[in-house]
Each structure stands twice: as structure tokens, then as C-alpha cells.
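Asker: pasting the sequence and the predicted model now:
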Protein chains: 4
Amino acid sequence: MSIETLKEEVLAANLDLVTKNLVISTWGNVSGYDGETGVMVIKASGVPYDKMTKEHMVTVDLDGNVIDSPYSPSTDTWTHIELYRAWKDKGIRGIVHTHSLNATMWAQLGQDIPVYGTTHCDYFNGDIPCTRLMTGEEIGTDYERNTGKVILERMEALDPVRMNAVLVRSHGPFVWGTSPSAAVLNSQVLDYVANMAYMNYTMTGGQCGRVQKELLETHQNRKFGPGAYYGQKNH
Amino acid sequence: MSIETLKEEVLAANLDLVTKNLVISTWGNVSGYDGETGVMVIKASGVPYDKMTKEHMVTVDLDGNVIDSPYSPSTDTWTHIELYRAWKDKGIRGIVHTHSLNATMWAQLGQDIPVYGTTHCDYFNGDIPCTRLMTGEEIGTDYERNTGKVILERMEALDPVRMNAVLVRSHGPFVWGTSPSAAVLNSQVLDYVANMAYMNYTMTGGQCGRVQKELLETHQNRKFGPGAYYGQKNH
Amino acid sequence: MSIETLKEEVLAANLDLVTKNLVISTWGNVSGYDGETGVMVIKASGVPYDKMTKEHMVTVDLDGNVIDSPYSPSTDTWTHIELYRAWKDKGIRGIVHTHSLNATMWAQLGQDIPVYGTTHCDYFNGDIPCTRLMTGEEIGTDYERNTGKVILERMEALDPVRMNAVLVRSHGPFVWGTSPSAAVLNSQVLDYVANMAYMNYTMTGGQCGRVQKELLETHQNRKFGPGAYYGQKNH
Amino acid sequence: MSIETLKEEVLAANLDLVTKNLVISTWGNVSGYDGETGVMVIKASGVPYDKMTKEHMVTVDLDGNVIDSPYSPSTDTWTHIELYRAWKDKGIRGIVHTHSLNATMWAQLGQDIPVYGTTHCDYFNGDIPCTRLMTGEEIGTDYERNTGKVILERMEALDPVRMNAVLVRSHGPFVWGTSPSAAVLNSQVLDYVANMAYMNYTMTGGQCGRVQKELLETHQNRKFGPGAYYGQKNH
């Protein structure tokens, strides 16, 4: 895939954040990673969505060098870089950051989102993890890069292929996938399950039971396992 | 009605799930049953709604054989089959499955939705039932067919003509009606009453009183009873 | 105003219920009363909004006789008649019934909506009243007419010019005003304040304090009092 | 900037309140202040948004004299005047008043909105302040002007450049910024963080912890501090 094509995909994915009600104003950003050339494309910083064009898609290498643009890339660029560095060999090709309402609210609470039902199981293999509090030092210097590091620390025992989202504590979600558009869909589903989980939480004082282990496994496997049978085989 | 006409109805009903905000992405499915030929038409698996055409409507007989399509039918096909087998002689001609937000959230809670008001009474003759937990065995083999069986088990003492919906525990609603479009409307009303019931539940710690028996009867009868007087007689 | 003009106003007001998200399907109804001829115009029963035309507006006199239409009027016609009979000399010219989400949810709870802020004060002079439970007898015979009677009973000590809404217990709101469109606006505001009141209620376990008496008076008077100064004098 | 240009900006900002779901009916108002001539432009009172044109934008000086219009300015004009008088030398050029759902609900509660996350930090430097109860006297005479005075009293120890919003107790938010459109964006963000704060509050019984001081500082500084690096330098 050419960088031009990747820019079009990343632009479309950014605009889709608006369509799916996951961002307002200039919030949020989507990036895409090109496995062949080892660079990523990410939204420029502070551009409103209704003025956004392909020109605002900035190519950056994984050392943080801007390759081809007069624009500054998203302030969150270093968080994206940390994640691609860690996971590019696992097929992660798109990353999304939003302040979508329900997921961000859980990040503010500082708790993992419990896996209460099969909608959650169809996309995420268990509770959605929330990172630890960052130290004053981590916040004071290289804040965005350290944000990436605490995400990786939290994900250490988890498989990023089966767990495509994390809540950065007090901040909001970072979500990824096999393409920019897949990461946007995962962001939308995350906010949807976060909304339902809020309701279950308030009905039960936080005591709603998690889904059965067998349901989680069956729903994960029929979409992602070796004998997956969801969707079309030949289309 | 020809199968072609039924396919058009089922397509329209599937697309209406999007219009009514009951599904996102490729979620949900609507089927319709043809009483003359004894086959059903159902959405193909994993097709996004914005690309969906009549071509993606798959005809399946009640033994699960695909009649006329290169597409795989919805993974939930066997759940639909179980319900049509049991209820085709009672006039059930459309079935809908969604993960609509409020109804799914109640399914995750694992409780029947209490009948708190007349909006509920106008469509559903009492609490909306929730199925029991499935066993590991039921989940591990023939999961979708067993989902149909636990629905029928839960509905055993209930009349599917007056109770058009069930919550599959930890999963989401299955809803039916006298046509695909009637089942979609019932799905929309289910989510609406589930939303109100959530609010009543959180205001009262789950202690909101049910509607009077007399109100339930009067509202059911003025729409469905022998002396029904809701709507137009001659139009 | 001619009956034809009134029909156009009532049609527009009915359609506005959809625009303002106060109804779905065939729910709800708006009527308008003509002071000169002493008849009212009301929506036909069970007509979906996307098919509704002026033809579905039915003229009915205050004895319940249909004047000029092949359609059956709304099942709630007798509730409207009771209210016009009582209040036509006070300038009430439009009545709306909906199952709008938040107001209906309060009706299901069976409590008055407390006056928590000035948004509420700008339209309603105090708590929104909720009717008592109806008896089995009142429900069993002349249900819709008795619904009107319990509304009037609940409004006995209240001024329908300053209190334009009531919650029919377990059912939903009836709202009125000086015209069909004014009654629709009052219905929209009712649902809005009902939504905020729900949130205040759940934050405080029902212990949120009411607005100061002085604020209620000032906000009522600057819109409705003798020295009113809200809006334009000469436009 | 000419007054004509300012009127266009203020009109666009008023209409944007509808687009952003911050007002219904004739609610809310936006004003803009012209630093050169020392006058402000504000919406006329009681004009519905779907009929609003530049003609309804009224020029008023800071003594409350209408300069150029047959229309009465917003009833809240004196509140706006009080704030411009106090803050015009700090660069405040736009003020917005709405009854947006979530912010108004917090005003009804009568509590500051706690700073629970970085979305809040990106716009507001700490808890959003709520004013004290007004006395009967303050409500009875010069109500709108006294509303301005209690806002200024509450803001006394706060910097209006870094804290762009206040909740008027029992009433709703007043929000400002460096332009009319900036004030509208701040109003939208206020309602967004008020919504999330409601959810965090109900999940924790009001015990959700505030964001770390270091996060608040870093997020404020990367947007507003001397070394700000959010957005584009040269575009």
C-alpha cells in the first residue's frame, strides 16, 4: 500500500470518528502504520474535523521524525509510536485515541470495565484494562511517551490481538486494530459496552456478575478462533 | 407471497434496524417466515448495513439447508429455526435479534424487565422474561440451537402471541411478531421500555411497583382483545 | 379560524412530535379546540406519522360525535373532551398526549416532578402533579373518560393556565396550552425538565432541594405576570 | 472589526447552539463584545432559532442602551454587561448562556463540577464553580444584573481566562471566551464534562477522586502555557 493510500484511509477513519459520535471539536486522532516502509500516518494537531483534508495527514517515522508535512502531528504522536514499536510485528496497523463519553468516564473512575455480556465478548477478550496512575515525574517530562509506556506496562500480560483497547487512567481510551477503520469500529464498540456497563454498575452498586467463562470463549472463538464461523468465507 | 417479496420485506426490516438505532456495524438480524413454502429468509452473516442488498437475503429451510444463496446465513440462524418450528402455527412470521442498548443491558443483568407502565402493557403482556444461564455443555456444542431451546423453555408457560420478546441471559433480546416489520417495531418498543425501566429501577433501588393488573388487562384488550378499539377498522 | 386551518395546525403539531423526539410509531396525539364552533380536531387512531395527512385529522364535538370523517378519532378522545369541557373558558386551545421517555418514566414512578430549577419555573408554576391510582371500576368502564376525570380531580386546586401538564399515573403525560403548537412546546419542555430531575434525584437519593420560592415567582412573572418583559412587545 | 461583522459572528454562534444541541425553542443567548467601540451585540429576546436572522442581533452599550435596533435585547443582557465590564480588559469577547441539560442539572444540584479527568483539564483549570443562593432582595429587584454580580463574587479568586464557566445556582451555566464561537465551544465542552461527572458521581455516591494536580497542570500548560505545543504554530 502506498503512503497516499494510507493517508486516504487514515483521513476516512478520522472523519468516521465524527460520524460515529466519538469526538467533537478537534478531539481525538487516528493513525495508520505502513508495515513495508515502517512509517505511520497521523492526524495533524488541533485541526477541526469539518476542515480536515488529506493534506492534514502527517507521515512520521517511529523515531518521531516528520517526513513530509508542514503540519505538526498530533500531540499524542509519541503514544502511538510506543504502541507501534511494541506491536507492529503482531499485525497492529491502526490506533485510535478519543475522549468518547462512556469509555472516558470509566477512565476517570479508574477501573477496568468488567465483561458483563456477549457484546463485549465479541470484541474484547475479558475486562478492558485501565492503567495505573502516572507519577509526577512521568507526567512532567515526556508525558505522551510515558503514556505509551504505562499502556504497555498494563498490557504486559495481555495479548494486544485479542484485547484491542485500554483506558488511560483519568484520561481516556486508546484503541487499536488490524487497520485504521478496524480500530475505529473497536472504539465505537468500546464506548457502547462502556455505556451498558455503566448502567449495570449503577443498578447493582457495582455488583453485577461477569459473563460465564464459557460464553467468553465461545464468542471469541466463533469470530477469531481457528474454527471461526462468523461472517462470509468467500466474499 | 413470493420469496422475492419476502426478501424485500426482510431487507427493509433489516435496514430499519439502523434507522431505529437498534444496531451498529454488522450487528443484529431479521428473518421472515413464509407459511406457504415453509422456508425462512434471513440476513447473511457479517454484512455491514450500508452495503446490504436483497442479494444478501438467504433462504433457509427449517432443517437449516440454504436453498438459493452463495452466502452463509446469520450465525444465529438455528436460533430463528427453533422459534419458527415451535411457533409457526401461531402466526409468528418475523424474528429479530439485536444488541440494542437498554434491552441488552437488562439481559446482562439477568433479570426480567418489570412491567412498570402502560407503554409496556400496550405491547407486552407482563414482565419481559429473561432466560436461565446456559450450561457449559449447551454453550460448547450447538450453541445457537441451544439458545433457541432455552428461549422455548423460558417461554413454556407464556403465550408467544402476547409476549413477543425474551432476553437471552448475558446476551441480548430476541423479538418476534406477525411480520418482519412488526418484529422490528416490537424490538424498538422493547428498548424504549427497557430504558424507562432502568431509570425507575435506579430511582427506587429496584423497588418500583408494577402496574395494576387492571391496567395491564385493559391496555392489552383495547389493542388485542375481542373488543379491540385501537386503530382503524376500515382502513 | 376555519376548521380547515385548525386541521392544518393540528397536523403540523402532530408531526412536530416526531421532530422533537416525543413519539415513535403511532404513539401520542395532539388536538386543537375551536372556540367559535365548539368542536375539536384530533388525530385519527393508530395512524403512523410518516403516512399522516390532513385527511387523518378528525373533527369531534364535545359530546364525542365525529363530525366529518370516515376515520375513528384517537382512543384518547374522551380524555381530551373532558379537559376542554373544563377549561375551554380559560383559553386552553391545544392538548397533547405522549409517552415521551422521561415524563412517562416519572408517571410510572407515580411521583410529582419536583421543581428543581428555573428551566422548570419558566414554564410550570411548581411541581408537575401526578394523578392518583385509578380504581378497577374506573379502569374497567369508560377508561379514557375516567382518565380525564382523575386529571381534573388532581388539578382541582391548581390553575391550568399556569400549570400546563399532568402525569397520569402509570401511564404518561397530558399537556396543554393556548394552541396546539404551544402544547407541543410545553410537552418538549416537560420531558427536558423530567430528564434533569431524574439526574438530580439519582445524585441525591431523591433529596435534591426545590428551587427558592422567590425564583419561581420571578421567573413566572417575567414571562406571564402583568409586568412581563420576556420576548418582544411589538413583533 | 465592524459591528456588521460582529453581528454575523454572533448570529452564527447563536445558531451553532442549536447544531450542538445546547438549546431548544428560544432558550439561550450569545453575545460578542467589540473592544474598539466598547459595545456588545446580543440576541433579541424570545426569538426562535429557526426564524433568527442578523436583524435580530441587537447592539447595546455597557450602560444598557440599545443602539440600533427595534428589538428588545435578551432579558439576560444585564448579566452579560456585568461580565464584560469586569473582564473586557482580560480579552473576554464572547459570552454564552444556555440551559444545556447536564450543566443545568449540576446548577440545580448547587454543587461545583469536580475535575475528574483530562477532558475537563484541557478547558477548565479546576472545578467549575457554582454561585451561592441569591437573596430574596437580589431576586426581587434587578434580578439579571444581580445574577452578574453573584457570578463575579464567585469568580473573585479565580482567573476568568483559565476558568471560562460558572454555574448560576438553580439556573444554569454562563460561559465565556476570547470570541463568541470560542464561548460556544466552551459551552459544549462544559456540558460534555458535566455529563461524565454525573456518571462518575452516581457510580461512586459522589466519592470519585479528582484528577492529580500534575495532570491538571500539564494539560492546561500544553494548551495555554508559555510552552504550549497543542495545535499548529503556523497555520
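Answerer: Yep, it's here.
Asker: flag every residue of chain A that's near chain B.
Answerer: Counting by Cβ under 8 Å from any Cβ of the partner chain, the residues of chain A close to chain B are A:20, A:116-119, A:185, A:188-189, A:192, A:195-196, A:199-200, A:202-204, A:208-209, A:211-212, A:214-215, A:218, A:222, A:229-235. All C-beta spots, glycine's among them, are computed from the backbone N, C-alpha and C.
Asker: per-residue confidence at the most centrally placed residue in chain A?
Answerer: Centroid-nearest residue in chain A: A:V175, 0.9 Å away (criterion: Cα atoms, centre = their mean). What the model reports for A:V175 is a pLDDT of 98.
Asker: one more: the one 4 residues further on?
Answerer: With respect to pLDDT, A:S179 has a value of 98.
Asker: which SS class is the residue in chain A positioned nearest to chain B?
Answerer: Taking Cβ to the nearest Cβ, chain B has its nearest neighbour within chain A at A:G231, 3.1 Å off. With DSSP: H, G, I helix; E, B strand; the rest coil as the basis, A:G231 sits in coil.
Asker: got the CA positions of the lowest-mean-pLDDT helix or strand in chain A in CSV?
Answerer: Lowest by mean pLDDT, DSSP states H and E among the helices and strands of chain A is helix A:213-224, with a mean of 93. The C-alpha coordinates for helix A:213-224 follow below in CSV (Å, rounded to 0.1, in the frame of the first residue of the first chain):
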residue,chain,number,x,y,z
LYS,A,213,-16.1,-18.1,31.1
GLU,A,214,-17.6,-20.5,28.5
LEU,A,215,-19.6,-17.7,26.9
LEU,A,216,-16.5,-15.5,26.6
GLU,A,217,-14.5,-18.4,25.0
THR,A,218,-17.3,-19.4,22.5
HIS,A,219,-17.9,-15.8,21.4
GLN,A,220,-14.2,-15.1,21.0
ASN,A,221,-13.7,-18.4,19.1
ARG,A,222,-16.6,-18.1,16.7
LYS,A,223,-15.1,-14.8,15.5
PHE,A,224,-11.4,-15.2,16.0
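Asker: which strands or helices does it pack on?
Answerer: helix A:118-121, helix B:136-140 (3 or more Cβ pairs under 8 Å, 6 or more residues apart in numbering or on different chains; DSSP states H and E).
Asker: pLDDT at the residue nearest to the residue of chain A closest to chain B when sequence neighbours are not counted, what is it?
Answerer: Leaving out its chain neighbours, the residue that sits closest to A:G231 by Cβ to Cβ, 6 or more residues apart in numbering or on different chains is B:G46, at 3.1 Å. Looking at B:G46, its pLDDT is 92.
Asker: residues touching B:G46, list them.
Answerer: By Cβ atoms under 8 Å, 6 or more residues apart in numbering or on different chains, B:G46 lies in contact with A:230-232, B:26.
Asker: likewise A:N221?
Answerer: A:N221 touches A:227-228, counting by Cβ under 8 Å, 6+ apart.
Asker: likewise A:M57?
Answerer: Contacts of A:M57 by Cβ under 8 Å, 6+ apart are A:7, A:10-11, A:41-44, A:69.
Asker: what of A:G209?
Answerer: Applying Cβ under 8 Å, 6+ apart, the residues near A:G209 are A:116, B:110.
Asker: now A:Y71
Answerer: A:Y71 touches A:44-45, A:47, A:55-56, A:58, D:232, D:235, counting by Cβ under 8 Å, 6+ apart.
Asker: okay if I get the residues you listed as a markdown table plus secondary structure?
Answerer: Output for the contacts of A:Y71, formatted as a markdown table (three-state DSSP):
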| residue | secondary structure |
| --- | --- |
| A:A44 | strand |
| A:S45 | coil |
| A:V47 | coil |
| A:E55 | helix |
| A:H56 | helix |
| A:V58 | strand |
| D:Q232 | coil |
| D:H235 | coil |
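Asker: give me the neighbour count for the residue in chain A that chain C sits nearest to.
Answerer: Among the residues of chain A, A:T202 lies closest to chain C, at 7.7 Å counting by Cβ to the nearest Cβ. Counted with other Cβ atoms under 10 Å in any protein chain shown, the neighbours of A:T202 add up to 17.
Asker: quick one: secondary structure of the residue nearest to A:G231?
Answerer: coil.
Asker: likewise A:E156?
Answerer: Under three-state DSSP, A:E156 comes out as coil.
Asker: let me see the backbone angles for A:L17.
Answerer: Main-chain torsions, A:L17, degrees, to the nearest 10: phi -60, psi -40.
Asker: hang on, it packs against A:S25?
Answerer: No: using Cβ atoms under 8 Å, A:L17 is not in contact with A:S25; the gap is 11.3 Å.
Asker: these two - which one has more neighbours?
Answerer: A:L17 (24 against 18).
Asker: separation between A:Y33 and C:I67?
Answerer: Distance from A:Y33 to C:I67, counting by Cβ to Cβ, to the nearest Å: 71 Å.
Asker: more neighbours: these two, which one.
Answerer: Remark: of A:Y33 and C:I67, A:Y33 carries more neighbours, 28 against 13, as counted by other Cβ under 10 Å.
Asker: that's a helix at the more buried one, yeah?
Answerer: No: under three-state DSSP, A:Y33 sits outside any helix and is assigned strand.
Asker: so which strand or helix has the residue lying closest to A:F124 once chain neighbours are set aside?
Answerer: Nearest residue to A:F124, sequence neighbours excluded (Cβ to Cβ, 6+ apart): A:M163, at 5.9 Å. Secondary structure assignment for A:M163, by DSSP states H and E: no helix or strand.
Asker: A:M163 is in contact with A:A157, isn't it?
Answerer: No: counting by Cβ under 8 Å, A:M163 sits too far from A:A157 to count as a contact (10.0 Å).
Asker: the inter-axis angle of the helix ranked longest in chain A versus helix D:180-204?
Answerer: In terms of residue count, the longest helix belonging to chain A (DSSP state H) is helix A:180-204. On the basis of axes from the mean of the first three to the mean of the last three Cα atoms, to 10 degrees, helix A:180-204 is oriented at 50 degrees to helix D:180-204.
Asker: so what's the gap between helix A:180-204 and the chain middle?
Answerer: Relative to its chain's centre, helix A:180-204 lies at 12 Å (Cα atoms, centre = their mean, to the nearest Å).
Asker: can you tell me the closest non-neighbouring residue to A:H171?
Answerer: D:T118 (4.6 Å).
Asker: that older thread, for the buried ones among the contacts of A:M57, write the corresponding ChimeraX selection.
Answerer: Of those, the buried ones go into a single ChimeraX selection, burial set by 16 or more other Cβ atoms under 10 Å in any protein chain shown:
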select /A:7,10,11,41,42,43,44,69
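Asker: restrict the contacts of A:M57 to those that also contact chain D, please.
Answerer: Among the contacts of A:M57, proximity to chain D is found for A:A44 (Cβ under 8 Å from any Cβ).
Asker: which bits of chain A sit near chain C?
Answerer: Neighbours of chain C within chain A, by Cβ under 8 Å from any Cβ: A:T202.
Asker: just for chain A, where's the confidence low?
Answerer: Scanning chain A with the threshold set as pLDDT under 70 gives A:234-235.
Asker: apply 50 and report the result again.
Answerer: Along chain A, the model assigns pLDDT under 50 to residues A:235.
Asker: circling back to that earlier point, among the contacts of A:Y71, name the buried ones.
Answerer: Buried members of these, counted by 16+ other Cβ under 10 Å: A:44-45, A:47, A:56, A:58.
Asker: can you add distance to C:L152 and give the residues you listed back as CSV?
Answerer: CSV is the format used below for these (distance: Cβ to Cβ, whole Å):
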residue, distance to C:L152
A:A44, 64
A:S45, 62
A:V47, 59
A:H56, 63
A:V58, 68
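Asker: pick the one among those residues closest to A:G148.
Answerer: A:S45 (16.7 Å; Cβ to Cβ).
Asker: could you check how far the closest one is from D:T118?
Answerer: For A:S45 relative to D:T118 (Cβ to Cβ), the value is 16 Å.
Asker: in what helix or strand does the residue nearest to A:P48 when sequence neighbours are not counted lie?
Answerer: Among residues not flanking A:P48 along the chain, A:T26 sits closest, at 5.3 Å (Cβ to Cβ, 6+ apart). A:T26 belongs to no helix or strand when assigned by DSSP H and E.
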